[in-house]
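Colleague: compute the structure for the input listed below.
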Amino acid sequence: MERVTTLKAIYLAENRGYDVSIVTTEQMGRPLFYSLSERVHTYHLDIGIHERFGKESYVEKIVSRYLKIREYRRKLESLLYEIRPDVTVSTLGLDVGFINRLKDGSIKIGELHFPSNFRSLMARKLSKSFVPNLVAKIRTLELKHKCWKLSRLVVLTQEEKAFWQYNGNVTVIPNPITFRTEITATLAAKKALAVGRLAYEKGFDTLIQAWRQVVEKHPEWELHIFGDGDQKEALTGQIAESGLTGKVFIHRPVQDIQNIYPQFSIFLFPSRYLEALPMVLLEAMSFGLPAVAFDAPCGPKDLICDGGNGYLVPTGDIQLFIERTCLLIESCELRRTMGQAAKATSEDFHIEKIMAQWVQLFQELTYGKP
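Modeller: Below is the predicted model:
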């Protein structure tokens, strides 16, 4: 979200002449990870909503969250009155509960970067009991109710739009690819790539499990994972316990990931769920990498045509994931054919095409506004 927001803000400011501001709540003195144009203004409210995450009791969390949201609303409303935007775009964090009630005069747009039923997905991950799952369903309905009041809700995929089928204010605008490249990977290296947060929902434990069988057939191939997260230690241990040391490597995230993709021949995407439009998958496709991906909701099926520009595997079907990966390993011609189709698919996501849709939306919503 941070990378895409940065990219879009720079494009609007430098290529379209928009006066763009980015407002954060959790920067807390840290430098920005992605460089911004001097033409983009930044405002850091430093609310610290997540400062004590995991260290509070349940009661402390409720009280703290209530007070922090009040502070957030007060500071944001004051800032909006100061800068007077025509349009305010929310990424639907904690401000979703009050953004529609701010009276600064700007048009309110919500931008959903995750599946709208993510709370239910997370609840099922954490607990099988009735109460947490009921609460998740209620909060999902609450999210839908609040989003219905927005001037427009922007989602990333047609699959996600179907969730909002009874709401007439939904528009599909995918994320733009974060860089444009004329480079096409040679697909000659005996290396597969995966990129993402090292978290349960990203499924890297499943990928390592699958790779154990892959290297039994193809011991010369390596798997490289770029990412960081709370499962790093567990995944490192899994690699050692599986006898995959020297076959699977975990690397820290890098800012110049565009220089990494061309070094590989296959992209593997093992997410269990919680995808919206997976940018790493799209980026890999732009370099002509064929992919094998689980059909996680929502996003991969908007990018991959099974058997055309990659393989789409039912989520959790590890054996089929292994088989599809081995097919690509065993045929350089198949990799090239699918890779060419993947690169062609990525052309539709270049920033000029995507931002033209955003500009059209802004013009539509602000038409006639003084």
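
Colleague: show me the shaky parts of the stretch 51-200 of the chain.
Modeller: Across the stretch 51-200 of the chain, the ranges flagged by pLDDT under 70 are 53-54, 116-128, 130, 132, 166.

Colleague: okay, the residue lying closest to D46 once chain neighbours are set aside: pLDDT?
Modeller: Distances taken as Cβ to Cβ, 6 or more residues apart in numbering put M28 closest to D46, at 5.4 Å, once the chain neighbours are dropped. No exception for glycine: its C-beta is placed from N, CA and C like everyone else's. Each residue has a pLDDT score; the one for M28 is 91.

Colleague: surely M28 forms part of a helix?
Modeller: No. Applying DSSP: H, G, I helix; E, B strand; the rest coil, one finds M28 to be coil, outside a helix.

Colleague: quick one: it from R324, how far?
Modeller: 43 Å (Cβ to Cβ, to the nearest Å).

Colleague: more neighbours, those two?
Modeller: R324 (23 against 12; other Cβ atoms under 10 Å).

Colleague: list the contacts of the residue nearest the centre of the chain.
Modeller: The geometric centre of the chain, computed from its C-alpha atoms, lies nearest to P278 (Cα atoms, centre = their mean), at 5.1 Å. P278 makes contact with F269, S271, G299, P300, L303 under the criterion Cβ atoms under 8 Å, 6 or more residues apart in numbering.

Colleague: so the second one makes contact with K202?
Modeller: Yes. Contact between S271 and K202 holds when scored by Cβ atoms under 8 Å: they sit 5.3 Å apart.

Colleague: residues contacting the nearest residue to T157 once chain neighbours are set aside?
Modeller: Of all residues not flanking T157 in the chain, D302 sits nearest, at 4.3 Å (Cβ to Cβ, 6+ apart). Counting by Cβ under 8 Å, 6+ apart, D302 touches L156, T157, Q158, E159, P174, L277.

Colleague: one more time with 10 Å
Modeller: 156-160, 172, 174, 275-278, 281-282, 345 (Cβ atoms under 10 Å, 6 or more residues apart in numbering).

Colleague: secondary structure for those residues - can I get that in JSON lines?
Modeller: Formatted as JSON lines, the contacts of D302 follow (three-state DSSP):
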{"residue": "L156", "secondary structure": "coil"}
{"residue": "T157", "secondary structure": "coil"}
{"residue": "Q158", "secondary structure": "helix"}
{"residue": "E159", "secondary structure": "helix"}
{"residue": "E160", "secondary structure": "helix"}
{"residue": "V172", "secondary structure": "strand"}
{"residue": "P174", "secondary structure": "coil"}
{"residue": "E275", "secondary structure": "coil"}
{"residue": "A276", "secondary structure": "coil"}
{"residue": "L277", "secondary structure": "coil"}
{"residue": "P278", "secondary structure": "coil"}
{"residue": "L281", "secondary structure": "helix"}
{"residue": "L282", "secondary structure": "helix"}
{"residue": "T345", "secondary structure": "helix"}
